[in-house]
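Chemist: Let me see the structure of the following:
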Amino acid sequence: MSALSRDVTGDKTADDTTRSGRRGQNDYIKQKGKGLTVRCIQRSRSASSGSDGKDAPGEMVSALEITNVDSVDKVYRIMTEHMKLGGINPKACECMRSFIDGNRNLEEGEISLAITLYDQALAAAQGQTSQLSKGSILMKRARAYLKRAANHRTTLRTLVKDLSDTVPSSSTVKILYQTASTHPALSPSIFNRLASDSKVQQAKFRQIRYRHDMYEFALLHAVQDSLQATQILSQNAKAWLLAGECLAELRKLKESNQYYQRALEIDPSIESTLKSVMEKNRVSQEFLDAARASGFSGDTLRLAIDVAA
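Modeler: As a prediction, the model looks like this:
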């Protein structure tokens, strides 16, 4: 695991830092028996970074890279206790720890916990880490909200199927009414049964509306995070692709294609894949426009599309 690089400036030179790193390494191996490595990396750092997160040529500084360590806490302890390095921000460690734990939980399907950890990472990142780091966290949290939305949609489809199973077919309703007409004594029980079924159907429909609201709420969070990420990572094609995906899920198809187009401008190599996606958005938008023109209400149309998608 590569984690927690620390810039070394001031009186120490790169060689001094490398020697210090080697002493820390030997001490730690002697105590723990693990084959970790400490590297001193030379890189250029400008006084300020651009909106794309890239540094312009400037001051040469050194950074320490520690590998073969399985947690941020261990990296922090190695650098502060064993290597005796100062100036390491605990908030940066907290941000990285929450981010890494969030990624692991997202991969394991623990979506709610992943979102909570990304929330913690963003809180720790305020004023502590680079905008580039914040953009990466936002992208991951947007992806987590997309997965939450997908889970809501799966439940939504199940609820709709359950509702459809309780609705009698037109032929069944016709037979019931004919039976009630020819056998008046059975009418009360037949209509009581229909009324009872109607109450069950209404309850199921309320569940459907609630689940659909939760689905859209998760999508709104995903869109918000992904759009904010494009402002921070303005030259990152993946950020624009993610925003386009989130907008498409929310049925903002024209806006989605605008973000896809920006991603294509940044990275022309994705054209073959992206053109078909943009064409699908265009065709879907034409269908939506035609459905609205036919008098379908917005709520009904959104629910029908989200269940069928």
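Chemist: ok, residue 223 to residue 246 distance?
Modeler: Plainly put, residue 223 is 5 Å away from residue 246 if you go by Cβ to Cβ, to the nearest Å. Just so you know, the C-beta spots here come from the backbone N, C-alpha and C atoms, and that holds for glycine as well.
Chemist: shared neighbours, those two?
Modeler: Counting by Cβ atoms under 8 Å, 6 or more residues apart in numbering, the common neighbours of residue 223 and residue 246 are residue 142.
Chemist: the more surrounded of those two?
Modeler: residue 246 (27 against 23; other Cβ atoms under 10 Å).
Chemist: OK, contacts around that one?
Modeler: 142, 146, 219, 222, 223, 226, 227.
Chemist: What ranges does this protein have for its helices?
Modeler: 14-32, 72-77, 90-107, 111-125, 131-166, 170-182, 187-232, 237-249, 253-266, 271-293, 298-308 (DSSP state H).
Chemist: one step back: could you point out which of the contacts of residue 246 is nearest to residue 268?
Modeler: Distance ranking of the contacts of residue 246 against residue 268, using Cβ to Cβ, places residue 226 first at 21.5 Å.
Chemist: The closest one reaches residue 238, doesn't it?
Modeler: No: using Cβ atoms under 8 Å, residue 226 is not in contact with residue 238; the gap is 10.3 Å.
Chemist: Give me the pLDDT value at residue 142.
Modeler: Note on residue 142: pLDDT of 98.
Chemist: do you know how far it is from residue 277?
Modeler: 18 Å.
Chemist: more neighbours, those two?
Modeler: residue 142 (24 against 17).
Chemist: Where do the domain boundaries of the chain fall?
Modeler: Split into domains by automatic domain parsing, the chain comes to 1-87, 150-308.
Chemist: If I average pLDDT within each of those, which one is lowest?
Modeler: Minimum mean pLDDT among the domains of the chain: domain 1-87, a mean of 48.
Chemist: which residues touch residue 261?
Modeler: residue 278.
Chemist: same thing but 10 Å
Modeler: Residue 261 makes contact with 240, 244, 274, 278 under the criterion Cβ atoms under 10 Å, 6 or more residues apart in numbering.
Chemist: ditto for residue 254
Modeler: Contacts of residue 254 (Cβ under 10 Å, 6+ apart): 247, 281, 282, 285.
Chemist: repeat that with 7 Å
Modeler: residue 285 (Cβ atoms under 7 Å, 6 or more residues apart in numbering).
Chemist: do residue 139 as well
Modeler: For residue 139, the contact set (Cβ under 7 Å, 6+ apart) comprises 226, 229, 239, 242.
Chemist: how about those in a markdown table, adding distance to residue 154 and neighbour count?
Modeler: Shown next, in a markdown table, are the contacts of residue 139 (distance: Cβ to Cβ, whole Å; neighbours: other Cβ atoms under 10 Å):
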| residue | distance to residue 154 | neighbour count |
| --- | --- | --- |
| 226 | 21 | 26 |
| 229 | 26 | 26 |
| 239 | 27 | 27 |
| 242 | 21 | 27 |
